[in-house]
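Colleague: structural data only, the sequence is not supplied:
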């Protein structure tokens, strides 16, 4: 599997992430071309090479031709992204990253995500960083994204609201929302920005040592400040040497007794579209003997906020339960199986020295409709029934 690993030994910021992905190999002209699809003006992007303690790294500067910063809320930013012609994948990721920021800022300031004005985060350079990272990841299309343990400094920094402590409140809140570990270094200054924290909180499946992988290439993105250590972000691109059969998954569940079946069906579809690994309903009886449904969602930890948003928006629930569970997954690969009616996709599953084949249901349906035969005939033709 194509794997991207973020080695954050000196923290992470939005511009460091974007620079590292360009240094990794994303074509800078293609990136700039895609960013021009946003309805933003009054800026230019400069990409240069710098050296930090002997390490060559890319540096990205968003230079404003005008010195006015527009304060935008989540609706403004989502509209800006949606009205562009960048890919749907990049749009979705960029909006999810911004939503994480909105939720964190809302918690800190005692308001709601839709009422948060992003100030610095809403400035053009931060929009370029986040949307640019989303574009790069859509181009690279890694199967897995991991990150190291995250490191920040100590002390105080100035922001729109005055003097705040390091780690800054938004970073702490973003990590708290996902239960991410943070280690402080004996370095005075801010190593992790809210933009960098939001990017990793949304993208990375886990945080720890690098998985066993064949390293193909690396990229380095430079931070603007100089510390007693190299202020660079390292990204590592490679392929896992073997399929990992164990991982962790988030389970979200809630009991619902006053949402119609039609709406629940719609909610299931929306959860799957948002990336849920599985969604299922279980008939239950609640207090006062009321028939009800327990709704369960299985997803990656990074998708939790999006799933919660859908459940609170689309159903009548007022509370959710969520917890982590370990699971074991058999190694598998997608293959083409030849039938008398044509080729159909199937999942080849490995267990020890044995293998088994499971048809991909949607593709089997497609073939059955194309050939005007019963679906069961597609399965029977390769002795699966």
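Modeller: Yep, that arrived. Values in this document were obtained by computation on a predicted structure and should not be read as measured data. Numbers count the residues shown, from 1 in each chain.

Colleague: mind checking the backbone torsions on residue 29?
Modeller: As for residue 29, its main-chain torsions (degrees, to the nearest 10) stand at phi -70, psi -40.

Colleague: how close does it sit to residue 144?
Modeller: 28 Å (CB to CB, to the nearest Å). Any C-beta I mention is one placed from the backbone N, CA and C, and that applies to glycine too.

Colleague: same check on residue 4?
Modeller: For residue 4, the distance to residue 144 equals 7 Å [CB to CB].

Colleague: how about the contacts made by residue 186?
Modeller: residue 154 (CB atoms under 8 Å, 6 or more residues apart in numbering).

Colleague: name the element it belongs to?
Modeller: Per DSSP states H and E: residue 186 is located in strand 182-188.

Colleague: please apply the same query to residue 294.
Modeller: Here residue 294 is assigned to strand 291-299, by DSSP H and E.

Colleague: quick check: mean pLDDT of that strand?
Modeller: For strand 291-299, mean pLDDT rounds to 96.

Colleague: got the contact list for that strand?
Modeller: Residues outside strand 291-299 that contact it (CB under 8 Å, 6+ apart) are 249-257, 259, 264, 267, 271, 275-286, 307, 311, 315, 317.

Colleague: and the residues you listed, which of them are in helices?
Modeller: 264, 267, 271, 307, 311 (DSSP state H).

Colleague: between those, which is closest to residue 183?
Modeller: When the ones in helices among the contacts of strand 291-299 are compared for distance to residue 183 (CB to CB), residue 307 wins out at 28.4 Å.

Colleague: my read: that closest one touches residue 251, true?
Modeller: No. Applying CB atoms under 8 Å as the test, residue 307 and residue 251 come out as separate, 10.4 Å apart.

Colleague: between the two, who's got more neighbours?
Modeller: residue 307 (23 against 15; other CB atoms under 10 Å).

Colleague: distance of the more buried one relative to residue 116?
Modeller: 21 Å.

Colleague: in CSV, list the ones in helices among the contacts of strand 291-299 along with pLDDT and distance to residue 153.
Modeller: Formatted as CSV, the ones in helices among the contacts of strand 291-299 follow (pLDDT from 0 to 100; distance: CB to CB, whole Å):
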residue, pLDDT, distance to residue 153
264, 96, 47
267, 97, 43
271, 95, 39
307, 93, 33
311, 96, 37
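
Colleague: list buried residues within the residues you listed.
Modeller: Buried residues within these, counting neighbours by 16 or more other CB atoms under 10 Å: 264, 267, 271, 307, 311.

Colleague: widest-spaced pair of these?
Modeller: Using CB to CB, these span at most 14.7 Å, a distance reached by 264 and 307.

Colleague: please enumerate residues in contact with whichever strand or helix holds residue 377?
Modeller: Assigning secondary structure by DSSP H and E places residue 377 in helix 375-380. Residues from elsewhere that reach helix 375-380 (CB under 8 Å, 6+ apart): 339, 341, 344, 359, 364-365, 367-368, 385.

Colleague: the same query, at a cut-off of 10 Å, please.
Modeller: Here helix 375-380 makes contact (CB atoms under 10 Å, 6 or more residues apart in numbering) with 337, 339-342, 344, 359, 361, 363-369, 371, 373-374, 384-385.
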